[in-house]
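A.B. asks: Let's see this in three dimensions:
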Amino acid sequence: MPGLEADLALIEGAVRDAGAIARKYYRGSYRRWNKGKGQPVTECDLAVDKFLSERLRPARPEYGWLSEETEDDPERHKARITFVIDPIDGTIAFLKGRPHFTICAATVCDGRPVTAALYNPITGELFTAMSGAGARLNGQQLRVSQRSELEGCRMLGPKTTFESAAGDTAPATPWPAMQVETRNSVAYRLALVACGSFDATVALSAKHDWDLAAADLILQEAGGIATTHTNKIFHYNGAEPVQPSVVAAGPALHGEIIERVRNIRLER
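C.D. replies: Just a heads-up that it's a prediction; the model follows:
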C-alpha cells in the first residue's frame, strides 16, 4: 500500500489542478440547481468531482470513495483507507462570487484522517497535513493561536449563534464580546483557525464528513482541537457520514468553549 507521503503528494496535486476548473467557472455563467432545501449545487461542483474521481480513484483502486457529489457506495466500508472529498465546500460563497470556498481531499484510515489537502483556488491558499508531520500553508509550518480567553477573540461562525446565551440550563451565560465573522466553507473556517488568522470556530449544526475530514487533520497537526460540542472526537467514514456539531480552537480556548456549549440540546 502506498505510504502517506505518496498519498499526500497525490491529493495535493489533484486539488491544485482542480482549482483551475473552479477558476474557469468562478463569477462566470454556469447551471445551478438545488439538491434539497438549502443545498445548492452547480455544474462546477460536478466538474471538479469528476476530475478528482478520474485522477484519484485509478491511482488508488484499493481505496474507498466518499464524496459529496458522488452517489454513496457501501463498498467504501470494506476499504481500510478511503478518500473523503468535497469538490466545492462553500458553494454559496461560490455562487455569490466570494473567494471563501475550498476544494477538500483527505485520506481516512480506521476512521481518522491521515493526509489532507485543502485548496482555495481564488486566494491561492493550499493547506496540507500528514499525520504526525505537522500542517503547512503553501509550505510554511502552521500553528494555532495560544489565546485562552473568549472575550475579544477572533471567532468564526454564524453571528446568530452568539446573539443568545449559551447552554440550556439556568443560569445560561451570555457570550462575551468577540470579533465574529463567518465564511461559507466550514473547512475553510477550520483552516483559518489552524493558521492563526482566527482563534476559534463554532457550528452548532450538523456537518458532513467531507466538510471536516481534511480540515480536522490540518487543525490537529497545527496544535488545535476539533470536536463535537459535547467534546467527542470525529470518527469518519461511518454508515452515516454526518457529525452533529463542530467546536475548533487551540487547546485552552477549546476547553472554554466546550464548557459553555456542552449542555446545549441540538435539533435533529
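
A.B. asks: hey, let's count contacts and neighbours off CA atoms from now on
C.D. replies: Fine.

A.B. asks: Just the buried positions in the worst-scoring helix or strand of the chain on mean pLDDT, please.
C.D. replies: Of all the helices and strands that make up the chain, strand 32-36 has the lowest average by mean pLDDT, DSSP states H and E, namely a mean of 89. By 16 or more other C-alpha atoms under 10 Å, strand 32-36 has no buried positions at all.

A.B. asks: What are the contacting residues of it?
C.D. replies: Residues from elsewhere that reach strand 32-36 (C-alpha atoms under 8 Å, 6 or more residues apart in numbering): 40, 41, 42, 43.

A.B. asks: In CSV: those residues, plus pLDDT and distance to residue 163.
C.D. replies: What follows is the contacts of strand 32-36, written out as CSV (pLDDT from 0 to 100; distance: C-alpha to C-alpha, whole Å):
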residue, pLDDT, distance to residue 163
40, 93, 27
41, 96, 30
42, 97, 32
43, 97, 36
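
A.B. asks: Would you mind writing the PyMOL command to select the buried ones in those residues?
C.D. replies: The buried residues among the contacts of strand 32-36 can be selected in PyMOL (16+ other C-alpha under 10 Å) with this line:
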select buried, resi 41+42
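
A.B. asks: would you put the C-alpha positions of the least confident helix or strand of the chain in CSV?
C.D. replies: C-alpha atoms of strand 32-36 as CSV (Å, rounded to 0.1, in the frame of the first residue of the first chain):
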residue,chain,number,x,y,z
ARG,A,32,-27.2,25.7,-10.8
TRP,A,33,-30.0,23.8,-9.1
ASN,A,34,-30.9,22.6,-5.6
LYS,A,35,-30.4,19.1,-4.3
GLY,A,36,-32.7,19.9,-1.3
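
A.B. asks: And the next helix or strand after it, what does it pack against?
C.D. replies: Tracing the chain past strand 32-36, the next element assigned as helix or strand by DSSP states H and E is strand 39-42. Under the contact definition 3 or more C-alpha pairs under 8 Å, 6 or more residues apart in numbering; DSSP states H and E, strand 39-42 sits against strand 32-36, helix 91-95.

A.B. asks: With respect to residue 225, which of these lies nearest?
C.D. replies: helix 91-95 (25.5 Å; C-alpha to C-alpha).

A.B. asks: Export that closest one to CSV, keeping only CA atoms.
C.D. replies: Once non-C-alpha atoms are left out, helix 91-95 reads as follows in CSV (Å, rounded to 0.1, in the frame of the first residue of the first chain):
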residue,chain,number,x,y,z
THR,A,91,-21.0,26.5,-2.8
ILE,A,92,-23.0,29.5,-1.5
ALA,A,93,-19.9,31.7,-1.4
PHE,A,94,-19.0,30.4,-4.9
LEU,A,95,-22.5,31.4,-6.1
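
A.B. asks: Show me the shaky parts of the stretch 1-150 of the chain.
C.D. replies: 1-2 (pLDDT under 70).

A.B. asks: all strands for the stretch 151-268 of the chain, in order.
C.D. replies: 154-156, 179-181, 200-203, 207-208, 225-227, 242-243, 246-249 (DSSP state E, counting those that start in this stretch).

A.B. asks: In contact with residue 27, which residues?
C.D. replies: 94, 95, 96, 97.

A.B. asks: out of the residues you listed, which is most surrounded?
C.D. replies: When neighbours are taken as other C-alpha atoms under 10 Å, the top entry among those is residue 94 (23 neighbours).
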